[in-house]
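Peer 1: Need coordinates for the below:
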Amino acid sequence: MNIEQARFNMIEQQIRPWEVLDQQVLDLLFVVKREDFVPAAYRNLAFADLEIPLGSGQVMLAPRIEARLLQELAIKKTDKVLEIGTGSGYMAALLAARAEHVISIESRPELADFARQNLERAGITNVTIEVANGAAGWSQRGPYDAIVVSGSLPAVPDALLKQLRVGGRLAIVVGEAPVMEAQLITCTADGVYNTVNLFETVIPGLDNAAPKSAFSF
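Peer 2: Below you'll find the predicted structure:
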């Protein structure tokens, strides 16, 4: 497989048609080597338009979804970012290239180790991985300029909204199969949030996500 051709095809045929037009994001996809974050058995599928199994029932999201969420978050060099669901560490690597620091929460120790190794090998030093249930965020290091959730949740947890600073953005996929909506929620003032629906999708649920009835609105 010609890796660079496959990477180019992924960007031009999957990601750009998904309204990912921010050149900085597209350039970053050439720089952060997705194939280095994929389990060895699936390396030849690194650029395919599908979710790649990571073991333990977890997956890497399809490249177009990761790229679109990254674009919508509009990360700046001064941003402190929270990622919930580290997985392979690939999204953390993309975020880290744009942000000051990324705190990534992973509930499965074996995935946290896999991600740490991947990030270390890639020479990325501004990511901290914590092993915990991230459904309620990570308030001890908040508030955050941006939060991204790498698994779906039945509804938006209040706890995550409260960890956004004013101007902070939350990218999250909300709902239950077969209907889920990717949303970008911006904290416009203390306790005031503006929600934009980005696209419909279906992705696997976040580990330990409470059922919808457990959330308060």
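Peer 1: For the protein, give me the ranges with low pLDDT.
Peer 2: Along the chain, the parts satisfying pLDDT under 70 run over 1, 208-217.
Peer 1: Pick out the residue nearest the middle of it.
Peer 2: By C-alpha atoms, centre = their mean, the chain has its centre lying nearest to residue 150, at 4.4 Å.
Peer 1: Dihedrals phi and psi, that one?
Peer 2: Main-chain dihedrals, residue 150, degrees, to the nearest 10: phi -90, psi 10.
Peer 1: Could you pull out the strands in this protein for me?
Peer 2: Assigned by DSSP state E, the strands in the chain fall at 52-55, 58-60, 80-84, 101-106, 127-131, 144-149, 164-176, 179-189, 192-201.
Peer 1: Note down every partner strand of the fourth one and its orientation.
Peer 2: The partner list of strand 101-106 in its sheet, established with DSSP bridges, is strand 80-84 (parallel), strand 127-131 (parallel).
Peer 1: With distance to residue 157 added, can I get these in JSON lines?
Peer 2: In this view, the C-beta of every residue, glycine as well, is placed from N, C-alpha and C. Putting these into JSON lines (distance: least, C-beta to C-beta, whole Å) gives the following:
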{"stretch": "strand 80-84", "distance to residue 157": "10"}
{"stretch": "strand 127-131", "distance to residue 157": "17"}
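Peer 1: Format these as CSV; extra columns: distance to residue 33 and mean neighbour count.
Peer 2: Shown next, in CSV, are those (distance: least, C-beta to C-beta, whole Å; neighbours: other C-beta atoms under 10 Å):
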stretch, distance to residue 33, mean neighbour count
strand 80-84, 19, 26
strand 127-131, 16, 17
